[in-house]
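Novice: Take a look and give me a structure for this.
(2 chains)
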Amino acid sequence: MIQGVQIDFLSAERLDRLTMMEKIRLILDDVRAGTIVVLEKGLLPEEQSKLIELTMMEIKPDGFSGIELETYPAKSGNEGIGGFFSRLVGKKPESRLTVIGPANQIKTLKKNQDLISAWVSSR
Amino acid sequence: MNFLVRAKQRVSKFLNAFFRKKRSKIGIYGPPNAGKTTLANRIVRDWTGDAVGPVSEIPHETRRARRKTDITITGANGSSVIIDIVDTPGVTTKIDYNEFLEYGLEKEEAIKRAREATEGVAEAMHWLRDDIDGVIYMLDATQDPFMQVNIMMIGIIESRKLPVIIVANKIDLPDAAPQRIRSAFPQHPVIPISGLEGSNVEELYEKMTDMFG
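Specialist: Now for the predicted structure:
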């Protein structure tokens, strides 16, 4: 069999159908199995907080050592006239494309406002 | 020095008696080795003469959130705030015990440290969701502030609508660039300090009375 790494791309629509725990469970199960997960739309802050907490609870010596997660910085939407109306109606910053993988297989090489460059190894 | 500490305590108690305020739980958060415990020790030592916990160059020295209660901080303008300081373990998304072996720990000790560190990070996240009224977010001013964990943590703190002061620590080191931290988080006050040497902590105390009072 050809050696390689599985990458799952999850659409915003699919993510919207999942509850917070379903989303986190899906991500962690995939990542623990060595899959790289790409989310079209990033996680909410509360989901990120829970993801960190659950990741910590699943780390095992010589096994799963955690996750590497990268996302583009959120667009605050607070600039200009549109930003004024966003603030007026309390619109939240927009979350953006997010890449999550096993910490021992993915390493971020470079990241800025509009580029995430990552190196991925097979197990 | 003891005279100064005692004088501060007397002034704090005097002001506290006249202007009693509600007590806030202030969490010191940040990535591992940013200097959280060094700052917690300095705050507690400056205002109570006590200490919070040991510091070390090995990451994850603090593996349980430690709380010191009833600290009254008075700014140069005379306003004061009563806080509980919660020193938390460094937040990260990955912990590998092999990292600790590089610091000369035995395998068994490294595994134990890693396990305690994972529990500590989970506990710190739990505190942030349920038990914290304000945050001091510590960053090592010699490191890249755009690390994902910092972006995530600031986002989580903002979503909880908690007041936050970002501390650019280690300005005593030649590579320190607090301006980089200001550029990364322009929406929050950034106070450059050296927790180790105590430089500019008075400005931090002033800002704490403003933000957490």
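Novice: Only C-alpha atoms from now on, for both contacts and neighbour counts.
Specialist: Will do.
Novice: what about the residue most central in space within chain B, which SS state?
Specialist: What sits nearest the mean C-alpha location of chain B, by CA atoms, centre = their mean, is B:Ile28, with 3.0 Å. Using DSSP: H, G, I helix; E, B strand; the rest coil, the structure places B:Ile28 in strand.
Novice: Give the closest residue to it in space, chain neighbours not counted.
Specialist: In space, B:Ile28 comes closest to B:Ile136 once its chain neighbours are excluded; the distance is 4.8 Å by CA to CA, 6 or more residues apart in numbering or on different chains.
Novice: and B:Thr93, what is it in contact with?
Specialist: A:52, A:55-56, A:66-69, B:149 (CA atoms under 8 Å, 6 or more residues apart in numbering or on different chains).
Novice: Also A:Ala12?
Specialist: Contacts for A:Ala12 were tallied using CA under 8 Å, 6+ apart; they are A:39-41.
Novice: Just the ones in strands from the residues you listed, please.
Specialist: Secondary structure assignment (DSSP state E) places A:Leu39 from those within strands.
Novice: For the buried ones among the contacts of A:Ala12, write the corresponding PyMOL selection.
Specialist: With 16 or more other CA atoms under 10 Å in any protein chain shown as the criterion, this PyMOL line picks the buried residues out of those:
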select buried, chain A and resi 39+40+41
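Novice: Now flag whichever of the contacts of A:Ala12 is closest to B:Pro54.
Specialist: The shortest distance between B:Pro54 and any of the contacts of A:Ala12, using CA to CA, involves A:Leu39 and amounts to 40.3 Å.
Novice: Run through the bridge partners of that closest one.
Specialist: With beta bridges defined as DSSP bridges, A:Leu39 has these partners: A:Leu10, A:Thr98.
Novice: pretty sure A:Pro73 contacts B:Val149?
Specialist: No: at 11.8 Å, A:Pro73 does not count as touching B:Val149 under the criterion of CA atoms under 8 Å.
Novice: just the strands in chain B please.
Specialist: Secondary structure of chain B by DSSP E: the strands cover B:24-29, B:66-74, B:80-87, B:134-140, B:164-169, B:190-192.
Novice: would CSV of these with mean pLDDT be doable?
Specialist: Formatted as CSV, the strands of chain B follow (pLDDT from 0 to 100):
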stretch, mean pLDDT
strand B:24-29, 95
strand B:66-74, 91
strand B:80-87, 93
strand B:134-140, 97
strand B:164-169, 98
strand B:190-192, 98
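Novice: shaky segments in chain A?
Specialist: Applying pLDDT under 70 to chain A flags the ranges A:1, A:74-94.
Novice: For the residue lying closest to A:Gln105 once chain neighbours are set aside, give me phi and psi.
Specialist: Closest residue to A:Gln105 apart from its sequence neighbours, by CA to CA, 6+ apart: A:Ser121 at 5.1 Å. With angles defined as degrees, to the nearest 10, A:Ser121 shows backbone torsions of phi -120, psi 150.
Novice: got a list of what A:Ser121 touches?
Specialist: Contacts for A:Ser121 were tallied using CA under 8 Å, 6+ apart; they are A:5, A:105-106.
Novice: and if you look at B:His188?
Specialist: The neighbourhood of B:His188, defined by CA under 8 Å, 6+ apart, consists of B:164-166.
Novice: Buried residues of stretch B:173-185, list them for me.
Specialist: Using 16+ other CA under 10 Å as the test for burial, stretch B:173-185 gives B:176-178, B:180-182, B:185.
Novice: which outside residues touch it?
Specialist: Contacts made with stretch B:173-185 from outside it, assessed by CA under 8 Å, 6+ apart, are listed as B:140-146, B:168, B:170-171, B:189-190, B:192.
Novice: so which of those residues is the most crowded?
Specialist: For the contacts of stretch B:173-185, counting by other CA atoms under 10 Å in any protein chain shown, the largest number of neighbours falls to B:Ala168: 29 neighbours.
Novice: Excluding sequence neighbours, find me the nearest residue to it.
Specialist: With CA to CA, 6+ apart, the residue lying closest to B:Ala168 is B:Pro192, at 4.4 Å.
Novice: what's the distance between the one you found and chain A?
Specialist: When CA to the nearest CA, to the nearest Å is the yardstick, B:Pro192 and chain A sit 24 Å from each other.
Novice: so the residue nearest to the centre of chain B touches B:Ile132, yeah?
Specialist: No: the pair formed by B:Ile28 and B:Ile132 falls short of the contact definition of CA under 8 Å, at 9.8 Å.
Novice: what residues does chain A put near chain B?
Specialist: Within reach of chain B by CA under 8 Å from any CA of the partner chain, chain A has these residues: A:45-46, A:48-50, A:52-57, A:59-61, A:65-71, A:73, A:103.
Novice: Could you turn the buried ones of those into a PyMOL selection?
Specialist: Below is the selection syntax for PyMOL that covers the buried ones among the residues of chain A next to chain B, with 16+ other CA under 10 Å defining burial:
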select buried, chain A and resi 45+46+48+49+50+52+53+54+55+56+59+60+65+66+67+68+69+70+71+73+103
